[in-house]
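A.B. asks: what's the 3D shape of this:
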Amino acid sequence: MLCPMKQSSGWWLALALVGCDPELEAGEPRFTVDGAANDADSSRDGGGRDRGQPLDFLVDLGEVPGDASRDAVAQDAAVEDAATHDAAPGDAALDAESPPDAAPDMADPPDPPAEGPARYLAGRLHSPLTPWVRDQLRAIRARDPARQDDVFAKIGDSITVSGSFLECFAGANVQLAGRDFLGDTINFFLGGDAAGGNPYTRESLAATVGWSAISALRGDPSPIDRELAALDPRFAVVMFGTNDIQRNNITAYADEMLDIVDLLLSQGVIPLLSSIPPRGDSAAADAQVPAYNAIVRGIAEGRQVPFVDLEMALRPLPNYGLAGDRLHGSTYQSGGRYLPCAFTEAGLQHGYNWRNLLTIEALHRVVGSVLGDVAPPDAPSPPRVGTGTPEDPLVIDALPYTHLADTREAPSDAFDAYPGCNAPQNEGGPEYVYRLDLDRPTTVRAMVFDRGTVDIDIHLLGGPDPARCLDRDHNGFEASLEAGTWYFALDTFMGADGQPDAGEFLFVLVQDP
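C.D. replies: Numbers count the residues shown, from 1 in each chain. Below is the predicted model:
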């Protein structure tokens, strides 16, 4: 039984712009949806919140990669020593010797995961830096070896423009609180020539109050192009999203963030992406934060560039570590002075202190492993389970779940139409199929993002069969799912020329309230 909730236009709340930047067959599990109806025009040519909590509502598949920091959103996690935040899941079981009384023909322990792209699962403040990721970052650097390795650009909105962000590293009031290993990295960038100054205090041409992601791309040359030309930086610290929520166009946000990242990569600049802070000024806006952050996480994972989870660090703090406007980060004060680079327990009750710590830690990690010879701190990631065919779907093993993929490389071309949704669209192009196992009712928000002439549609199925289609859309929908097994098909629309509009897409699935 299909039970409509509310129309998608009602879900997308129109919010006042902050001036200071401020979406059944008998015997199938039941569900309700909120999104575009199953109409013939939902194709392009025809016309939340997840907090990184332990995913005990997912059925135990016996294959879910572990992460020792998955439950680190407790209050005391916000003030523990940052050196422990990136601890990779323990692999001691893989290296343990056989017990002395083991039989001679005892099976060998399983091999560690094969080297490949890292999974950026929730529950870590820093994305994994594995040998694979290091090699990808070194390849980016090789695109323009002449760039200044000791310079970074700042790209963002007022949360980046603020004097509380990074400028303190050029002053005398830096309190590392036992993280002395960061000192060399701080000094390394202090020596960088950012158009006659240092990158910490540089007033960026690509960061302005009130900006959303599109603002950094407009013009010829764009603000990003101008800042890169002025600094010739190796790195770029990037964060947009707080104002983008006000634009009420999450599809445009995903496209623009991908465009920003790809622009930087094409010029040999390594982006360091960040999730945005919680929104304490509006419950409606705050409910959207996890979806926007899942997009950034998915882009970072897809391009294998560094990602820091500022939202995770701030959620446990009083008032989310936000200032009086409940929008920007707060800054630690002591003795009448603002101390945004104080990383003491007291300092790390404040948003800007956390952002500064995560940023310098991220820079420290890449400088050591990408520019230097420091061994990457993380072991290879367990691979995704499944291939993406109807018979062997990709397993959605955690929420939020993201996958940046390309249907030109899809392993399946089995589904051409979705009669279960009364959908006449020709989905004759290749597709990826995913499986979600739930052990309790869960409301999810499913989204797909593509760019240009690429046209990938998303379908919710009660089984790996298009006749069991329950909902579809070009962009996404909400669905309240009962316990059971569900499938998502990300399928390629056939264009008017009879050719599949195949290409790259980003699939994002988050839990909604």
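A.B. asks: gap between Phe165 and Leu265?
C.D. replies: 23 Å (Cβ to Cβ, to the nearest Å). Backbone N, C-alpha and C define where each C-beta goes, glycine included.
A.B. asks: between those two, which is the more surrounded one?
C.D. replies: Between Phe165 and Leu265, Phe165 has the larger neighbour count (other Cβ atoms under 10 Å), namely 25 against 18.
A.B. asks: mind pulling the model confidence for the more buried one?
C.D. replies: Listed pLDDT for Phe165 reads 98.
A.B. asks: that one reaches Thr331, doesn't it?
C.D. replies: No. Contact between Phe165 and Thr331 fails when scored by Cβ atoms under 8 Å: they sit 9.5 Å apart.
A.B. asks: what's the overlap in contacts for these two?
C.D. replies: 340, 352 (Cβ atoms under 8 Å, 6 or more residues apart in numbering).
A.B. asks: in the stretch 51-200 of the chain, which spans are helices?
C.D. replies: For the stretch 51-200 of the chain, the helices defined by DSSP state H, counting those that start in this stretch occupy 92-95, 131-142, 158-161, 183-190.
A.B. asks: hmm, Thr485 is touching Asp437, no?
C.D. replies: Yes. Thr485 is within contact range of Asp437, at 5.2 Å (criterion: Cβ under 8 Å).
A.B. asks: hang on, the earlier thing: will you turn the helices of the stretch 51-200 of the chain into JSON lines that also has distance to Pro223, mean pLDDT and mean neighbour count?
C.D. replies: Formatted as JSON lines, these follow (distance: least, Cβ to Cβ, whole Å; pLDDT from 0 to 100; neighbours: other Cβ atoms under 10 Å):
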{"stretch": "helix 92-95", "distance to Pro223": "47", "mean pLDDT": "30", "mean neighbour count": "9"}
{"stretch": "helix 131-142", "distance to Pro223": "21", "mean pLDDT": "98", "mean neighbour count": "17"}
{"stretch": "helix 158-161", "distance to Pro223": "12", "mean pLDDT": "98", "mean neighbour count": "22"}
{"stretch": "helix 183-190", "distance to Pro223": "21", "mean pLDDT": "98", "mean neighbour count": "16"}
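A.B. asks: all helices of this structure, in order?
C.D. replies: For the chain, helices defined by DSSP state H occupy the ranges 8-11, 92-95, 131-142, 158-161, 183-190, 223-231, 242-247, 250-266, 283-303, 310-314, 351-366.
A.B. asks: who are the packing partners of the fourth one?
C.D. replies: Of the remaining helices and strands, those touching helix 158-161 by 3 or more Cβ pairs under 8 Å, 6 or more residues apart in numbering; DSSP states H and E are strand 233-239.
A.B. asks: the strand it packs on pairs with which strands, parallel or anti?
C.D. replies: strand 148-156 (parallel), strand 270-274 (parallel) (DSSP bridges).
A.B. asks: I'd like those strands as CSV, with distance to Arg468 appended.
C.D. replies: Output for the strands paired with strand 233-239, formatted as CSV (distance: least, Cβ to Cβ, whole Å):
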stretch, distance to Arg468
strand 148-156, 44
strand 270-274, 37
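A.B. asks: of all those, which one is nearest Gly191?
C.D. replies: Nearest to Gly191, of all the strands paired with strand 233-239, is strand 148-156, at 5.7 Å by Cβ to Cβ.
A.B. asks: quick one: average confidence on the closest one?
C.D. replies: 98.
A.B. asks: neighbours of the nearest residue to Ala323 once chain neighbours are set aside, just the number please.
C.D. replies: Distance criterion Cβ to Cβ, 6 or more residues apart in numbering; nearest residue to Ala323, sequence neighbours excluded, is Ser330 at 4.4 Å. The tally of other residues near Ser330 (other Cβ under 10 Å) stands at 25.
A.B. asks: what's the answer for Glu203, then?
C.D. replies: 11.
A.B. asks: also Leu166?
C.D. replies: The tally of other residues near Leu166 (other Cβ under 10 Å) stands at 26.
A.B. asks: I figured it hits Leu357, correct?
C.D. replies: No. Using Cβ under 8 Å, Leu166 is not in contact with Leu357, being 10.9 Å away.
A.B. asks: still on that earlier bit, now distance to Ala323 too, for the helices of the chain, in TSV please.
C.D. replies: Listed next are those as TSV, based on distance: least, Cβ to Cβ, whole Å:
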stretch	distance to Ala323
helix 8-11	29
helix 92-95	43
helix 131-142	34
helix 158-161	10
helix 183-190	25
helix 223-231	26
helix 242-247	13
helix 250-266	24
helix 283-303	15
helix 310-314	12
helix 351-366	7
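A.B. asks: so which of the ones you listed gets nearest Arg326?
C.D. replies: helix 283-303 (9.4 Å).
A.B. asks: now for the closest one, which elements pack on it?
C.D. replies: Helices and strands touching helix 283-303, by 3+ Cβ pairs under 8 Å, 6+ apart, are helix 242-247, helix 250-266, strand 270-274, strand 307-308, helix 310-314, strand 401-406, strand 442-450, strand 504-511.
A.B. asks: alpha carbons of stretch 447-462, as PDB, please.
C.D. replies: What follows is stretch 447-462, C-alpha atoms only, in PDB (Å, rounded to 0.1, in the frame of the first residue of the first chain):
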ATOM      1  CA  MET A 447      18.900  11.500  -3.800                       C
ATOM      2  CA  VAL A 448      20.800  11.400  -7.100                       C
ATOM      3  CA  PHE A 449      22.800  14.200  -8.600                       C
ATOM      4  CA  ASP A 450      24.200  14.400 -12.100                       C
ATOM      5  CA  ARG A 451      25.500  17.200 -14.300                       C
ATOM      6  CA  GLY A 452      25.200  18.400 -17.900                       C
ATOM      7  CA  THR A 453      23.600  16.000 -20.300                       C
ATOM      8  CA  VAL A 454      23.800  13.000 -17.900                       C
ATOM      9  CA  ASP A 455      20.400  11.800 -16.900                       C
ATOM     10  CA  ILE A 456      20.300   9.200 -14.100                       C
ATOM     11  CA  ASP A 457      17.000   8.500 -12.400                       C
ATOM     12  CA  ILE A 458      16.400   6.900  -9.000                       C
ATOM     13  CA  HIS A 459      13.900   4.100  -8.300                       C
ATOM     14  CA  LEU A 460      12.800   2.500  -5.100                       C
ATOM     15  CA  LEU A 461      12.000  -1.200  -5.500                       C
ATOM     16  CA  GLY A 462      10.400  -3.800  -3.200                       C
END
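A.B. asks: how near is Ala375 to Thr130?
C.D. replies: For Ala375, the distance to Thr130 (Cβ to Cβ) stands at 11 Å.
A.B. asks: go on, Ala229?
C.D. replies: 33 Å.
A.B. asks: more neighbours: which of these two?
C.D. replies: Neighbour count, other Cβ under 10 Å: between Ala229 and Thr130, Thr130 has more, with 24 against 12.
A.B. asks: the more buried one reaches Ser369, doesn't it?
C.D. replies: No. Using Cβ under 8 Å, Thr130 is not in contact with Ser369; the gap is 9.6 Å.
A.B. asks: shared neighbours, these two?
C.D. replies: Joint contacts of Thr130 and Ser369 (Cβ under 8 Å, 6+ apart) are Pro376.
A.B. asks: for stretch 271-280, measure first residue to last.
C.D. replies: Using Cα to Cα, to the nearest Å, the end-to-end distance of stretch 271-280 comes to 27 Å.
A.B. asks: ignore what I typed, I meant stretch 369-389.
C.D. replies: First-to-last residue span, stretch 369-389, Cα to Cα: 37 Å.
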